[in-house]
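*Asks:* 3D, please:
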Amino acid sequence: MFLSHIKWPDNVIEAKKLQENHRFSIKIVALVRFPVYVAGVDAAFNNNRVLAAACLFRLPDLTVIETSSALVNASFPYVPGYLFFREGPAVIAAIKKLVIKPDIVLVDGHGIAHPRGIGSASHLGLLLDIPTIGCAKTRLVGEYVEPASTIGSRSQLIYDDRVIGLVLRTRKDIKPLFISPGHKIDIEGAAQVTLSCLGRYRIPEPIRCADSLSRKLLT
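*Replies:* You can find the predicted model right below:
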């Protein structure tokens, strides 16, 4: 376990040091097998309360199997690039409440497509020792060429002369997503799993479910 015996950081200086110390532990490798159980996670905020939700889906039929949630008080401020330290405790608690352990987790955020190469999806994957994918609606770092307008079209996301992810079109003529591996998966695998989780909308269904559930439960 990556952070299980380490105190959660209280400030940006501690968080940055933690990121820099552990980014080289991330494994970008091909999946051993294509996942059957895929979880999506997301969090909603109300002042210092963080409500995280996890939705577990089964592939290939993309059927929701179970959901869970966890509410915690945030101890870390809102700082772009360090969001995992604010929402991570709640997200982990929600995942641990799932009866069936997911084969992979989709995160509404970034994996290695991050200024220090370790976004929320990478942190989560390291902590839980599980494959994770960052599925972000906006770019944090990197340059790219706009992909074609058809579903499945993609282009490379490049940062510091290195490919860190893909810009993936998930709906025709709709803004693409920024997909990056978090841990224990490679870029192509991240794209394939993301595409397998699409329904009628731009966002993969497991994340859409978690987003909706977290917002509903926090009201």
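
*Asks:* Okay, the residue positioned nearest the centre of the chain and residue 115: tell me how far apart.
*Replies:* Nearest to the geometric centre of the chain sits residue 107, at 1.9 Å (CA atoms, centre = their mean). Going from residue 107 to residue 115 by CB to CB, to the nearest Å gives 17 Å. Heads up, the C-betas are built off the backbone N, CA and C, glycines and all.

*Asks:* What of residue 204?
*Replies:* Note on residue 204: its distance to residue 115, by CB to CB, is 24 Å.

*Asks:* Settle it for me: which of these two has more neighbours?
*Replies:* Remark: of residue 204 and residue 115, residue 204 carries more neighbours, 27 against 16, as counted by other CB atoms under 10 Å.

*Asks:* Quick check, that one in contact with residue 210.
*Replies:* No - look at residue 204 against residue 210 with CB atoms under 8 Å: they stay out of range, at 9.9 Å.

*Asks:* okay, and the common contacts of these two?
*Replies:* Common contacts of residue 204 and residue 210 (CB atoms under 8 Å, 6 or more residues apart in numbering): residue 40.

*Asks:* And the strands in this structure, which stretches?
*Replies:* Ranges of strands in the chain, per DSSP state E, are 37-46, 49-58, 63-73, 104-107, 132-136, 154-159, 162-168, 177-183.

*Asks:* ok, and the closest non-adjacent residue to the residue nearest to the centre of the chain?
*Replies:* Excluding the flanking residues, the one nearest residue 107 by CB to CB, 6 or more residues apart in numbering is residue 121, at 4.0 Å.

*Asks:* The one you found and residue 183 touch, don't they?
*Replies:* Yes - if you go by CB under 8 Å, residue 121 and residue 183 touch, sitting 7.3 Å apart.

*Asks:* Overlap in contacts, the two.
*Replies:* 111, 132.

*Asks:* between those two, who's got more neighbours?
*Replies:* Between residue 121 and residue 183, counting by other CB under 10 Å, residue 121 is the more crowded of the two (34 against 29).
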